[in-house]
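S.K.: Coordinates for the following, if possible.
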Amino acid sequence: MTIMLRPSLAIAAALFAAATAADAQTARPALDYGSAAKIRDTCLDWAAKNGKRMTIAVMDTHGMLVAYAHMDGASYEAGEMARWKATAASRFGRSTADLAKLNPAANVPNVATIPGGLPIYTDAGAALGGVGVSGGKIDEDVACGVAGIGAAGLRADKPAS
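M.R.: Below is the predicted model of the structure:
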């Protein structure tokens, strides 16, 4: 038995097949929970070894929280600051120290200008998100975040293209 399609249906089916193949979504790296947890846990270890009580927030490129820790004795404000820093770094793909250099207006949403927010990149330069650390001095927040990102085998800076 042979099924015959009307010419218009045959053309539509061919166009649909071609469009589906041409419009296929390309895969992009994404921050998984394992990497986010490694960043968080390494930061927790760093803070404990250095006698600090910190909060660590790790977010994906959309600013969605993937991993979080608030150490005993860390202030409420440290938690808010860590999330704010992580949101800025993840959405803009820059450290919060670099964002400060742009001198943004005070009321720009989700822009943190206090160091301690770092972007997360693959070695190939794909943005994965950001980490925000708060509770120590500025250089301690940054060092903690860099240690966490490095322990996950990732980068805190975008490689040169």
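S.K.: How about residue 37, nearest residue that isn't a chain neighbour?
M.R.: Leaving aside its chain neighbours, residue 37 sits nearest to residue 67 (5.1 Å; criterion: Cβ to Cβ, 6 or more residues apart in numbering). In this view, the C-beta of every residue, glycine as well, is placed from N, C-alpha and C.
S.K.: how far away is that neighbour from residue 105?
M.R.: 31 Å (Cβ to Cβ, to the nearest Å).
S.K.: So if I had to pick from those two, which one is more boxed in?
M.R.: Ranked by neighbour count (other Cβ atoms under 10 Å), residue 67 and residue 105 place residue 67 first, with 22 against 6.
S.K.: Then the more buried one would be within a strand, right?
M.R.: Yes: assessed with DSSP: H, G, I helix; E, B strand; the rest coil, residue 67 lies in a strand.
S.K.: what residues are up against it?
M.R.: Residues near residue 67 by Cβ atoms under 8 Å, 6 or more residues apart in numbering: 33, 36, 37, 39, 40, 56, 57, 58.
S.K.: Test my guess that residue 60 contacts residue 31.
M.R.: Yes: checked against Cβ atoms under 8 Å, the pair residue 60 and residue 31 is within contact range at 4.7 Å.
S.K.: Secondary structure element holding residue 140?
M.R.: helix 138-151 (DSSP states H and E).
S.K.: With residue 106 instead?
M.R.: Judged by DSSP H and E, residue 106 forms part of no helix or strand.
S.K.: just residue 123 next, same as before
M.R.: Residue 123 belongs to no helix or strand, assigned by DSSP H and E.
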